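> Sequence and predicted model, in that order:
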Amino acid sequence: NAGVTQTPKFQVLKTGQSMTLQCAQDMNHNSMYWYRQDPGMGLRLIYYSASEGTTDKGEVPNGYNVSRLNKREFSLRLESAAPSQTSVYFCASILPGGREMYTEAFFGQGTRLTVV
Amino acid sequence: AQSVTQLGSHVSVSEGALVLLRCNYSSSVPPYLFWYVQYPNQGLQLLLKYTTGATLVKGINGFEAEFKKSETSFHLTKPSAHMSDAAEYFCAVSDGSWYGGATNKLIFGTGTLLAVQP
């Protein structure tokens, strides 16, 4: 059971280049999230998808786009990378439900992105 | 909208001492609350969660937290710190169930780095 899988694990981009971070979960979860983690700032929500077919902005969406390709996959795209987007990116998923059934978020291992 | 405040970005305790990591939240609806731990260069692991029921929640590795609605707090404690507890700890809040129109956003605090001195 793989859980949440992110690819790639490491990436170096030049300013202005584009790339897509991939995330897939095999737990049949409805909700998926993308976060960035920077020192002293915790995890900040970039975009989330409460269910297949919906996406919404989080706290720091500028410079990013997302696609909920199907129930399993949720990708994050940087159209024109900037040094300020150097960060560690985490994907997460949840199976939401009533209070008795609500699961915690399961996280991928992260993507360390450097923009030079 | 939800938010989380973690007081103290760095906390240092001696091995065997009480661990207390503070978390206050803001939520317009009854919250779902979580504590996660992150070891260096790793992902996040759930320590414990509050969704319903007993307000004192026990988690893994001897940690527990108490949901206090009147104080909008969810502080994490452990009676006796161990060297292996050194890590970064994150408090998180969600407005909960996807059913009923909640956004199901999951918002994290800025984290507390716990150091354990021998």
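Okay, I see it.
> Now the element after the helix or strand of chain A with the lowest mean pLDDT, going C-ward?
The weakest-scoring helix or strand in chain A, judged by mean pLDDT, DSSP states H and E, is strand A:106-107 (a mean of 90). Using DSSP states H and E, the helix or strand that follows strand A:106-107 in sequence is strand A:111-115.
> for the residue nearest to the spatial centre of chain A, what are its contacts?
Closest residue to the average C-alpha location of chain A: residue A:34 at 2.4 Å, with CA atoms, centre = their mean. Taking CB atoms under 8 Å, 6 or more residues apart in numbering or on different chains, we find residue A:34 in contact with A:21, A:23, A:45-48, A:58, A:64, A:66, A:74, A:76, A:89-91. Where you see a C-beta, it was placed from the backbone N, CA and C, and this is true even at glycine.
> ok, now with 6 Å
By CB atoms under 6 Å, 6 or more residues apart in numbering or on different chains, the contact set of residue A:34 is A:46-47, A:76, A:91.
> near chain A, which residues of chain B?
B:32, B:34, B:43-44, B:46, B:49, B:51-52, B:97-98, B:104, B:106, B:108-111 (CB under 6 Å from any CB of the partner chain).
> how far away is the spatially most central residue of chain B from residue B:23?
For chain B, residue B:35 is the residue whose C-alpha lies nearest the centre (CA atoms, centre = their mean; 2.9 Å). Computed as CB to CB, to the nearest Å, the residue B:35 to residue B:23 distance reads 7 Å.
> Quick check: neighbours shared by these two?
With CB under 6 Å, 6+ apart, residue B:35 and residue B:23 have common neighbours residue B:91.
> about what we covered before: please indicate which of the residues of chain B next to chain A are buried?
Buried by 16 or more other CB atoms under 10 Å in any protein chain shown: B:32, B:34, B:43-44, B:46, B:49, B:51, B:97-98, B:104, B:106, B:108-111, out of those.
> From the residues you listed, which shows the smallest pLDDT?
Looking at these by pLDDT, the weakest one is residue B:98, with 49.
> show me the contacts for residue 81.
No chain in the question, so chain A it is. Counting by CB under 6 Å, 6+ apart, residue A:81 has contacts A:13, A:17, A:115.
> Hmm, no, I was thinking of chain B.
B:13, B:15, B:17, B:19, B:116.
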